[in-house]
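Student: let me see the structure of the following:
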Amino acid sequence: MTRAKTANPALATLASQQKNVTKVEKDVVDYLGRSYDSILEKHIGKRVVLEITEADGEIQEYVGIFKDYSPKFFQVMDVSYPDGDKTRVCDIIVPRAHASIRHGAETSHEN
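Tutor: Below is the predicted model:
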């Protein structure tokens, strides 16, 4: 590699940047490693029960389609959410600190 750096100045520049590239790669791997959750992955695209802990400690349950998650948030689609005397179907993003995905929600099938 030393001979190659001497023969080609561009390789010398790349080699000097290798430390920065390695750090960025490590940061990306660390981030993805912390955010990936194999249990949550199997629920993406499926109906789930989302539990949200309210400020008074009461737990509210909502059923919707689990769309995505990050280290800080859950995103659930098609949630029936009360809005005064109406119920809206909406997509919600909830902080993980106040919510959890309890399990998949099975729809009942009438025979």
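Student: residues contacting Val94?
Tutor: Leu50, Ile52, Phe73, Phe74, Val76 (C-beta atoms under 8 Å, 6 or more residues apart in numbering). C-betas here are computed from N, CA, C, even on glycine.
Student: restricted to strands, list these.
Tutor: Those of the contacts of Val94 mapping onto strands are Leu50, Ile52, Phe73, Phe74, Val76, per DSSP state E.
Student: buried among these? Need that as a selection in ChimeraX.
Tutor: Buried subset of the ones in strands among the contacts of Val94, written as a ChimeraX selection, criterion 16 or more other C-beta atoms under 10 Å:
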select :50,52,74,76
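Student: what is the nearest of the ones in strands among the contacts of Val94 to Ile39?
Tutor: Phe74 (12.7 Å; C-beta to C-beta).
Student: one step back: and the contacts of Val94, which is closest to Lys67?
Tutor: Among those, and counting by C-beta to C-beta, the member closest to Lys67 is Val76, at 6.4 Å.
Student: in the sheet, who's paired with that closest one?
Tutor: Counting by DSSP bridges, Val76 is bridged to Phe66, Ile92.
Student: Arg47 now?
Tutor: Ile65.
Student: just checking, it touches Val63?
Tutor: Yes: using C-beta atoms under 8 Å as the test, Arg47 is close enough to Val63 to be in contact (6.1 Å).
Student: sorry, back to before: how about a markdown table for the contacts of Val94, with pLDDT and distance to His103 added?
Tutor: A markdown table is the format used below for the contacts of Val94 (pLDDT from 0 to 100; distance: C-beta to C-beta, whole Å):
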| residue | pLDDT | distance to His103 |
| --- | --- | --- |
| Leu50 | 94 | 10 |
| Ile52 | 94 | 15 |
| Phe73 | 90 | 19 |
| Phe74 | 91 | 14 |
| Val76 | 95 | 13 |
